[in-house]
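**Q** Below are the sequence and a predicted model; questions follow.
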Amino acid sequence: STIAFLRAMLEAAGRTVHVYTSPNLVRVNERFRLGRPGGGVLVSDAALADALSECERANAGSPITVFEITTAAGLLLFSRQPADMLLLEVGLGGRLDATNVVERPAATVITSVSLDHVEYLGDSIVKIAAEKAGILKPGVPAVIAPQTDEARGVIERQAARLGAPLAVAGEHWLVSQEHGRLVYQDEHGLLDLPRPRLFGRHQLDNAGTAIAALRSLGDAGIGAAAFETGLLKVDWPARLQRLTAGRLPPLAPEGGELWLDGAHNPEGGRAVAAAIADMEERVPRPLVLVVGMLATKDLEGFLRNFAGLARRLIAVPIHQENTLPPDAIAAAARRIGIPAEVSDGIEPALAGIARLDVEASPRILITGSLYLAGEVLAQNGTLPS
């Protein structure tokens, strides 16, 4: 989401912006956005195949991971058509990530550190924060999103060792919501801006982090007007995305709402649950969850965020390796007090929800995995563009 805010704000300021993100939701092309005047475009199949083939030839049969070769292909594509800015998203951790090859980036950004990918990054916030801090560079501004005290301490110590100037949330910059507006403040002054187009309180922090990152660049010509336009135009699929068109919404109960979010860990679940609770305060509706998850994720930690909020859960399969069987998801939901059942897929799940005896049209949230989110967008016929 922070990348999406950065891109929207930079493009609003007239900049051309290359973007490399992962994972993709439906098509691998989504990982590579090529900067163009007036807005970027996803790489074509032919251009991507050509870049991957060239990287494969250069690699000459040496061991290489899929992420490493796609990162190399992305950098090759971006170098062939230079843009004003490249937004390069770390794939996993930071210190040993394939993206961590730029010796002197314009800035580095560390978003909120949470317990995720513990099998690779470590089983504590301290260990994971140390991996994230591996992207810091001597003399390069580093913008730090809101963190736990443990994570912030690790990052600050690494920055001190390297001589990386920090802009830390809550210390060097602040973001808040006041009277339905986003208010950002740092040493350069105060910005009174519209609320972001993306739903959820957590998106205020993401938007603030993006603004802080752009202001860390100094006199880069990114002014309040670009921030405002970016906040209003930002788009990031499968992050509290309301599905109103396509194949699936007509299958939901008449008058209901259908939402999609790729949250898949306890912190992500907490943010989404808070956003749903805010919706509930404004327009009360019974919440029904449709959940599919990978076996590597903290299922109960994720679901606990919805205890007392969700009226029912329907567990569905994901057509990927190493996924949780729907029976296991339903059993975990019941253990924390959420009535649950299983379904063969999204369409039968929506049909089952339409038969539920609830007092009002429900708010349906499909969540638990970006892989599930990608399957939903593909079934719905609304591919990221």
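**A** Happy to help now that I have it.

**Q** Could you report the separation of the nearest residue to residue 267 once chain neighbours are set aside from residue 263?
**A** What sits nearest to residue 267 in space, not counting adjacent residues and going by C-beta to C-beta, 6 or more residues apart in numbering, is residue 114, at 3.7 Å. The way it works is simple: take the backbone N, C-alpha and C, and place the C-beta from them, glycine included. Separation of residue 114 from residue 263 (C-beta to C-beta, to the nearest Å): 11 Å.

**Q** Mind checking which of those two has more residues around it?
**A** residue 263 (26 against 17; other C-beta atoms under 10 Å).

**Q** can you pull the contacts of the more buried one?
**A** 269, 271, 272, 302, 367, 368 (C-beta atoms under 8 Å, 6 or more residues apart in numbering).

**Q** The spatially closest residue to it that is not a sequence neighbour: neighbour count?
**A** Counting by C-beta to C-beta, 6+ apart, residue 263 lies nearest to residue 272, which is 4.7 Å off, once chain neighbours are set aside. Residue 272: 24 surrounding residues under other C-beta under 10 Å.

**Q** and residue 272, helix, strand or coil?
**A** Judged by DSSP: H, G, I helix; E, B strand; the rest coil, the three-state class of residue 272 is helix.

**Q** same question, residue 330
**A** Going by three-state DSSP: residue 330 is helix.

**Q** what does residue 167 give?
**A** Per three-state DSSP, residue 167 ends up strand.

**Q** Just list whatever residues bridge to it.
**A** residue 143 (DSSP bridges).

**Q** From residue 177, how far out is it?
**A** 20 Å.

**Q** Same question for residue 187.
**A** Distance from residue 187 to residue 177, by C-beta to C-beta: 21 Å.

**Q** got the contact list for residue 54?
**A** Counting by C-beta under 8 Å, 6+ apart, residue 54 has contacts 73, 76.

**Q** For it, what is the enclosing helix or strand?
**A** helix 45-59 (DSSP states H and E).

**Q** ok, and the helix or strand in the protein with the lowest average confidence?
**A** Least confident helix or strand of the chain, by mean pLDDT, DSSP states H and E, is helix 118-121 with a mean of 88.

**Q** now that helix: how far from the chain's centre is it?
**A** Centroid separation for helix 118-121 versus its chain: 19 Å, with C-alpha atoms, centre = their mean, to the nearest Å.

**Q** For the next helix or strand along the chain from it, list every residue counted as buried.
**A** Next along the chain after helix 118-121, taking DSSP H and E as the criterion, comes helix 125-132. Neighbour counts over helix 125-132 (16 or more other C-beta atoms under 10 Å) mark 125, 128, 129, 130, 131, 132 as buried.

**Q** Redo these as CSV? Include pLDDT.
**A** Compiled in CSV, these are given as follows (pLDDT from 0 to 100):
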residue, pLDDT
125, 95
128, 96
129, 97
130, 97
131, 97
132, 98
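
**Q** Going by distance to residue 3, which of those wins?
**A** Checking these against residue 3 by C-beta to C-beta gives residue 132 as the nearest, at 15.3 Å.

**Q** Tell me, what's the model's pLDDT at the residue nearest to the closest one when sequence neighbours are not counted?
**A** Nearest in space to residue 132, with sequence neighbours left out and distances taken as C-beta to C-beta, 6+ apart, is residue 94 at 4.7 Å. For residue 94, the pLDDT comes out at 96.

**Q** so residue 94 touches residue 135, yeah?
**A** Yes. Residue 94 lies in contact with residue 135 (C-beta atoms under 8 Å); the separation is 4.2 Å.

**Q** any common contacting residues for the two?
**A** In contact with both residue 94 and residue 135: 100, 110, using C-beta under 8 Å, 6+ apart.

**Q** so where do the strands sit in the stretch 1-150 of the chain?
**A** 17-20, 32-34, 41-42, 85-88, 108-110, 142-144 (DSSP state E, counting those that start in this stretch).

**Q** tell me the contacts of residue 306?
**A** So residue 306 contacts 269, 273, 276, 287, 289, 313, 338 (C-beta under 8 Å, 6+ apart).

**Q** So which of those residues sit within helices?
**A** Among the contacts of residue 306, DSSP state H puts 269, 273, 276 in helices.

**Q** thinking again about what came up before, show me what the least confident helix or strand of the chain is in contact with.
**A** Contacts of helix 118-121 (C-beta under 8 Å, 6+ apart): 92, 93, 127, 128, 131, 296.
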